[in-house]
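> Structure of the sequence below:
(one chain, ligands or ions: 2)
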Amino acid sequence: MIEIPQKIVERALLVALIKGNVDSDIVKEHLDELEELASTAGAETVRKIVQAKYSADPAFYIGKGKAGELIDVVEKDQIDVMIFDDDLSPTQVRNLERTLNRKIIDRSGLILDIFASRAKTREAKTQVELAQLQYLLPRLTRAWTHLSKQYGGIGTKGPGETQIETDRRIIRNRISHLKENLKRIESQRNIQTRGREEFTRICLVGYTNAGKSTLFNRLTDSGVLAEDKLFATLDSTTRAINFNKNSKILLSDTVGFIRKLPAHLVASFKSTLNEVRDADVILHVVDISHHYFEDHIKVVDETLKDLSSDKKTIIRIFNKVDILKDRQKISYVMNSYENGLIISAEKGINIPALVDKLIKISETSFVEENIALSLEDSKTAAKIHSLAEVLDTKYDDSKIHIKYKTNRHNSDKIKKMVHGK
Ligand SMILES: Nc1nc2c(ncn2[C@@H]2O[C@H](COP(=O)(O)OP(=O)(O)OP(=O)(O)O)[C@@H](O)[C@H]2O)c(=O)[nH]1
Ligand SMILES: [Mg+2]
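Residues are numbered from 1 along each chain as shown. Ligands and ions are numbered 1, 2, ... in the order given. A predicted model of the protein is given here:
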């Protein structure tokens with residue numbers, strides 16, 4: 001008989017602080033989200049603890065007294081790991097680990113772990129490893145400083161320090177190596193996307209699990225992974241859609257957002273997030289059936305601002321209307337949010353209205369323009385050919401007159417090139 005090893009499910013205790021006047025309902029909702037993240041990472045939540053405190057304790061986060069109280073709890077509930085809804089300092093991690101003798105994970109560490117297990121392509125794997133090492137580096141340093149200060153003495157000087165220095169150097173070298181790799185991958189991507197200038201670029205963004213990939217599949221007939229897990233998508237996928245011959249659209253599906261997305265992740269996912277920056281139009285997918293959907297909207301809006309993409313045309317797509325119980329929300333969002341559409345990507349509800357909207361956008365996002373260049377300026381003429389569909393070229397004694405059609409993004413580029421010099 002073959003014995004199949006069972007997958008070990010870690011038992012988790014989740015911890016959050018209610019700081020100052022923060023609404024306790026919101027903290028509980030954040031803990032529910034942390035539970036989802038924990039389950040995505042493969043842990044079972046056994047208990048959740050909320051501690052009210054004016055501000056976080058610098059040494060123990062929840063306070064030394066509270067940490068002491070938890071010694072019995074983690075023993076009785078056979079807890080393997082404690083997960084905190086905030087980011088912890090290296091000192092806090094060390095103190096908590098010492099007191100409770102359990103693995104201590106913070107929110108960024110958990111999200112990085114999920115990203116690491118989800119990354120499939122070389123690009124995503126490189127991006128995640130880079131973020132993980134950058135997260136690790138200061139922790140390595142500070143944990144050591146802390147240790148040597150507190151204990152000093154034998155074993156904490158000399159060779160020990162050298163070891164840490166070596167580790168840090170190895171990590172730094174690896175970081176620069178990964179950055180180089182990412183640059184190379186990014187330049188390959190730029191080559192691949194050349195020649196697609198006549199398309200209107202539309203990008204799906206939204207809180208994780210809102211239904212972006214499901215909608216992407218519905219609109220493009222693709223089979224990208226869509227599942228009821230956080231961060232199912234890490235890589236962007238782009239497909240052309242031809243609703244009719246005047247509308248040329250490139251639709252991109254990309255990584256989801258979440259509150260407190262670790263800064264290192266956002267930084268190292270720069271090239272993936274370029275899909276958002278380069279888009280002409282953004283479809284912001286919202287799970288309207290979620291109790292806190294408006295908090296999710298805020299998080300996404302803030303992230304778009306960080307990506308300098310909040311001034312683009314944004315259409316809010318309120319998804320999952322098929323499972324919406326509180327029907328009053330429909331009139332509420334229609335009155336509160338301009339440019340919104342209520343759909344179900346899974347059940348296909350209201351998709352034709354969305355398609356109509358996209359066709360209109362892509363038809364009107366093209367402009368026809370004329371430009372006159374000096375006869376010698378063949379460089380700019382060649383550039384126009386690469387950025388636009390050239391409809392007509394005429395020569396007179398002193399000028400080349402080019403009539404072209406392109407999207408607004410490239411039209412701006414061309415005008416800058418011609419008039420800006
Ligand atoms: N009931 C219902 N479920 C939906 C709808 N759209 C998507 N879902 C479900 O919601 C879950 C998440 O869908 P995805 O399309 O993977 O969501 P996503 O936004 O791409 O998520 P990430 O890539 O993880 O950020 C899946 O289980 C889908 O089946 C919908 O209109 N109605
Ligand atoms: Mg997805």
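
> Which positions in the stretch 201-350 of the chain make contact with ligand 2?
By the rule Cβ under 5 Å from the ion, the part of the stretch 201-350 of the chain lying against ligand 2 is 212-213, 232-233. For glycine as for every other residue, the C-beta is placed from the backbone atoms N, C-alpha and C.

> out of the residues you listed, who's near ligand 1?
Restricting these to those near ligand 1 by Cβ under 6 Å from any ligand atom leaves 212-213, 232-233.

> May I see the buried residues of stretch 53-63?
Buried residues in stretch 53-63, defined by neighbour count with 16 or more other Cβ atoms under 10 Å: 56-57, 60-62.

> Starting from Phe269, give me the distance back to the one residue in the chain that gets nearest to ligand 1.
Nearest residue of the chain to ligand 1, counting by Cβ to the nearest ligand atom: Gly256, 2.5 Å away. Look at Gly256 and Phe269: by Cβ to Cβ, to the nearest Å, they are 11 Å apart.

> Equivalent analysis for Gly348, please.
31 Å.

> who's more crowded, these two?
The neighbour comparison of Gly348 against Phe269 (other Cβ atoms under 10 Å) goes to Phe269, with 24 against 11.

> ok now stretch 19-38, how far from the chain's centre?
20 Å (Cα atoms, centre = their mean, to the nearest Å).

> Looking at that stretch now, give me its mean pLDDT.
Here stretch 19-38 scores 87 as its mean pLDDT.

> send the alpha carbons of that stretch over as CSV?
Extracted in CSV, the C-alpha atoms of stretch 19-38 (Å, rounded to 0.1, in the frame of the first residue of the first chain):
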residue,chain,number,x,y,z
LYS,A,19,-6.0,51.8,17.3
GLY,A,20,-7.5,55.0,18.6
ASN,A,21,-11.0,55.7,17.2
VAL,A,22,-11.0,53.2,14.4
ASP,A,23,-14.4,51.5,13.9
SER,A,24,-14.3,48.0,15.3
ASP,A,25,-16.5,46.7,12.5
ILE,A,26,-13.9,47.7,10.0
VAL,A,27,-11.2,46.0,12.0
LYS,A,28,-13.3,42.8,12.0
GLU,A,29,-13.8,43.0,8.3
HIS,A,30,-10.1,43.4,7.8
LEU,A,31,-9.6,40.3,9.9
ASP,A,32,-12.0,38.4,7.7
GLU,A,33,-10.0,39.5,4.7
LEU,A,34,-6.8,38.3,6.5
GLU,A,35,-8.5,35.0,7.1
GLU,A,36,-9.1,34.7,3.3
LEU,A,37,-5.4,35.5,2.7
ALA,A,38,-4.4,33.0,5.3
